[in-house]
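**Student:** Quick check, what structure comes out for this input:
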Amino acid sequence: MKRINKPDIKQSEDVQEKSLKSLTYIEADALKIISELEGHHVELERLRTDLLLAEEKARTANEKFNELYDYAPLGFFTLDQNGKIDGLNLNGAKMLVGDRSDLLQINFREFISSETLEIFNYFFIKVYEVNKPQICQVIFVNNSQNSIFVQIEGAVFKEDNKCHLTVLDITERELTGKKLLYSEIRFRRLFESAKDGILVMNARNGHIIDVNPYLVNLLGYSYSELLGKQLWELGFFKNMRDCRKSFLELRNKCYLRVDDMLINTKEGYEVNIEIICNVYLEDREKVIQCNIRDISDRKRSIERLKENETRLNHLNATKDKFFSIIAHDLKGPFTSIIGFSNLLTEQVSNKNYDGVEEYAEIIQASSWRAMELLTNLLEWSRSQTGRMELNPEQIYFRKLIMEVTDLLNASACQKSINITSEVPYDFKVFGDKAMLNTILRNLITNAIKFTNPGGNIVICATQKELVSIISVADNGVGIRKDDIERLFRIEESVSSVGTQGEEGTGLGLFLCNEFVRKHGGKIKVESELGKGSKFILTLPRQKVSESGTCEETDKINKLKLNETRIPN
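**Tutor:** Model (predicted):
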């Protein structure tokens with residue numbers, strides 16, 4: 001019988017133990033793998049979350065980029081190598097006045113004006129040649145036919161070999177620049193053509209920066225002589241110390257005005273100017289602009305106005321004197337004539353001849369006085385209204401004296417006054433006969449009036465190289481010194497009563513002065529109270545023209561002495 005061996009219990013236990021250990025190792029590895037898988041899963045979830053966040057950020061960034069790209073204040077264009085538009089933003093489409101989709105694949109050159117197309121073509125070639133950013137300025141002509149000035153900056157990207165443009169609208173800047181340019185042109189035109197002098201200088205050191213042509217001509221200095229100089233270096237201001245003082249005052253107050261200043265030109269002429277100075281900023285530096293106006297004509301006009309005012313006052317005084325003479329002095333003689341005529345008529349009708357001769361003499365004297373006054377008034381009126389012209393000629397003066405004394409002989413005889421002429425027979429003067437007659441008549445009448453009975457009147461005449469000197473002297477009552485200065489002014493004329501109560505108007509001496517002045521001569525008086533007076537006329541031996549200038553004639557010395565002589 002076969003022997004059955006009992007299994008080895010110890011061996012079985014070892015096997016079982018080994019199996020259990022092997023199973024434990026497998027489970028541990030599985031658990032480890034499971035744990036690692038779980039860790040990878042967590043990491044994958046984290047990565048997935050990061051990826052989603054990155055995708056969201058990328059999408060947001062892309063939206064922001066698109067938004068910035070489309071709504072940026074600049075126009076963005078992408079062009080292919082032929083210049084066709086491959087892409088553009090909304091502002092770019094706005095510049096070209098069209099829909100973005102409609103503008104794609106249109107050549108960019110179609111929107112460049114013809115006058116700036118060559119500039120763009122050169123720019124586009126340069127961008128591809130040098131492979132560096134380039135800039136140009138051109139004019140866009142869009143679909144609305146409106147032009148805008150743009151500045152284009154372009155570069156080529158190696159990734160796509162396309163030209164990317166950034167376009168800036170500079171229309172306002174260009175228009176502002178043109179306005180500034182036009183403004184500068186207008187300012188320069190005004191500056192160059194101004195009828196006032198304009199001088200610009202540095203406020204810090206006083207050096208002249210600019211000066212306009214008017215001031216160059218006024219001062220007589222050239223532009224180069226003025227430029228860069230200081231005012232007190234040139235010497236056209238009469239007082240350099242005051243000039244420097246005014247400059248310092250101007251720097252502090254920023255304004256200076258002088259209404260009347262005298263300056264010297266380069267040639268030495270004096271010019272009256274009005275100057276106004278202001279300080280202002282130019283390129284952050286203070287400058288002084290001086291406007292200089294020549295007021296010489298204005299000064300002369302003011303002087304003429306003053307002269308006219310004086311003349312008007314004189315005319316008013318003359319008018320008042322004229323009416324005074326008419327109202328009083330002319331009325332007196334006619335009152336006497338009428339009164340004594342009535343008395344004379346009454347006595348003759350009554351056949352009473354007592355005093356008739358006396359009355360007739362009074363009437364005659366009053367008539368002569370009225371006639372003298374009327375003659376003077378007529379001649380004065382003609383001289384004042386310009387109707388009396390100067391007609392000078394060569395005159396034998398002794399003959400003229402005889403004509404005047406014949407008229408006044410009766411008056412002189414009444415006072416037993418002797419009139420003597422010491423003028424040579426061949427003495428000649430060059431003048432207007434009617435005016436000289438009036439001068440002599442009034443001077444002799446005046447001498448008769450103020451000479452006592454039995455007195456003497458002497459008329460003399462001499463010649464010098466250029467003038468004739470005529471005098472009428474008497475040994476009468478004389479004239480006070482205070483009255484001498486007023487004798488020839490009608491507004492202050494002196495009218496005195498003669499030695500026998502003769503009345504006068506003072507108009508005669510005024511006429512004498514006027515007529516002597518018309519001849520270009522002078523009249524003066526030498527007198528002493530109680531010893532008499534001497535009136536001296538100085539008349540030029542030259543022809544006085546209508547313009548007031550004198551022409552050399554001296555014909556007196558050329559006249560022959562064998563001309564007809566005036567008998568004694």
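
**Student:** Would you mind listing where the stretch 251-400 of the chain has pLDDT under the threshold?
**Tutor:** 318, 321-333, 336, 365, 369, 372-373, 376-388 (pLDDT under 70).

**Student:** hmm, try it at 80
**Tutor:** 251-253, 261, 282-284, 314-340, 343-344, 346-348, 350-390 (pLDDT under 80).

**Student:** What are the boundaries of the helices in it?
**Tutor:** Ranges of helices within the stretch 251-400 of the chain are 296-324, 331-349, 356-384, 397-414, based on DSSP state H, counting those that start in this stretch.

**Student:** Reformat those helices as JSON lines; add distance to Ser471 and mean neighbour count.
**Tutor:** (Glycine included, C-beta is placed from N, CA and C.) Shown next, in JSON lines, are these (distance: least, CB to CB, whole Å; neighbours: other CB atoms under 10 Å):
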{"stretch": "helix 296-324", "distance to Ser471": "27", "mean neighbour count": "12"}
{"stretch": "helix 331-349", "distance to Ser471": "30", "mean neighbour count": "14"}
{"stretch": "helix 356-384", "distance to Ser471": "22", "mean neighbour count": "16"}
{"stretch": "helix 397-414", "distance to Ser471": "12", "mean neighbour count": "16"}
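
**Student:** Need those in TSV (columns: distance to Arg284).
**Tutor:** Compiled in TSV, the helices of the stretch 251-400 of the chain are given as follows (distance: least, CB to CB, whole Å):
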stretch	distance to Arg284
helix 296-324	38
helix 331-349	85
helix 356-384	68
helix 397-414	84
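
**Student:** And the ones you listed: which comes nearest Ile469?
**Tutor:** Within the helices of the stretch 251-400 of the chain, the stretch nearest Ile469 is helix 397-414; the backing value is 11.4 Å (CB to CB).

**Student:** who does the closest one touch, helix- and strand-wise?
**Tutor:** If contacts are counted by 3 or more CB pairs under 8 Å, 6 or more residues apart in numbering; DSSP states H and E, helix 397-414 sits against strand 418-421, helix 433-449, strand 456-463.

**Student:** any idea which of those scores lowest on pLDDT?
**Tutor:** Of all these, the minimum mean pLDDT falls on helix 433-449 (a mean of 86).

**Student:** by contact count, what packs against that one?
**Tutor:** helix 356-384, strand 392-396, helix 397-414, strand 456-463, strand 467-474, helix 507-518, strand 532-540.

**Student:** one more time with 6 Å, if that's ok
**Tutor:** Applying 3 or more CB pairs under 6 Å, 6 or more residues apart in numbering; DSSP states H and E, we find helix 433-449 packed against helix 397-414, strand 467-474, helix 507-518.

**Student:** which residues sit against that helix?
**Tutor:** Contacts to helix 433-449, defined as CB atoms under 6 Å, 6 or more residues apart in numbering, come from residues 379, 395, 404, 408, 411-412, 417, 457, 472, 474, 498, 502, 508, 511-512, 515, 535.

**Student:** ok now it, how far from the chain's centre?
**Tutor:** 53 Å (CA atoms, centre = their mean, to the nearest Å).

**Student:** sorry, back to before: of all the helices and strands packed on helix 397-414, which one comes closest to Leu315?
**Tutor:** helix 433-449 (20.8 Å).

**Student:** tilt between that closest one and strand 532-540?
**Tutor:** Angle of helix 433-449 versus strand 532-540, following axes from the mean of the first three to the mean of the last three CA atoms, to 10 degrees, is 170 degrees.

**Student:** hey, which of the helices and strands packed on helix 397-414 is tucked in deepest?
**Tutor:** Most buried of the helices and strands packed on helix 397-414 by mean neighbour count (mean count of other CB atoms under 10 Å) is helix 433-449; its value is a mean of 22.

**Student:** Could you dump the helices and strands packed on helix 433-449 into JSON lines and include distance to Glu309?
**Tutor:** JSON lines is the format used below for the helices and strands packed on helix 433-449 (distance: least, CB to CB, whole Å):
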{"stretch": "helix 397-414", "distance to Glu309": "38"}
{"stretch": "strand 467-474", "distance to Glu309": "33"}
{"stretch": "helix 507-518", "distance to Glu309": "20"}
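
**Student:** Nearest to Gln230, out of those?
**Tutor:** Short answer: helix 507-518, nearest of these by CB to CB, at 51.1 Å.

**Student:** Of all the helices of the stretch 251-400 of the chain, which one comes closest to Tyr255?
**Tutor:** Closest among the helices of the stretch 251-400 of the chain, using CB to CB: helix 296-324, at 22.2 Å.

**Student:** circling back to that earlier point, for Ser366, find the nearest of the helices and strands packed on helix 397-414.
**Tutor:** helix 433-449 (14.8 Å).

**Student:** What about Asn82, how many residues nearby?
**Tutor:** 10 (other CB atoms under 10 Å).

**Student:** do the one 4 residues further on as well
**Tutor:** Number of residues near Asp86 (other CB under 10 Å) recorded here: 16.

**Student:** how about it, phi and psi?
**Tutor:** phi -100, psi -20 (degrees, to the nearest 10).

**Student:** Surely it and Asp80 touch.
**Tutor:** Yes. Counting by CB atoms under 6 Å, Asp80 is a contact partner of Asp86 at 5.3 Å.

**Student:** Which strand in this protein has the most residues?
**Tutor:** strand 270-282 (DSSP state E).

**Student:** of all the helices and strands packed on helix 433-449, which lies closest to Cys277?
**Tutor:** helix 507-518 (47.0 Å).

**Student:** So what's the gap between the closest one and the chain middle?
**Tutor:** Distance, centroid of helix 507-518 to centroid of chain: 43 Å (CA atoms, centre = their mean).

**Student:** Check stretch 35-48 too.
**Tutor:** The answer for stretch 35-48 is 96 Å, by CA atoms, centre = their mean.

**Student:** Could you list the low-pLDDT ranges of the stretch 401-550 of the chain?
**Tutor:** In the stretch 401-550 of the chain, residues with pLDDT under 80: 407-411, 482, 484-508, 510-511, 542-550.

**Student:** and if we set it to 50?
**Tutor:** Low-confidence segments of the stretch 401-550 of the chain, defined by pLDDT under 50, are located at 544-550.

**Student:** what does the stretch 1-150 of the chain give?
**Tutor:** Those would be 1-2, 4, if you go by pLDDT under 50 across the stretch 1-150 of the chain.
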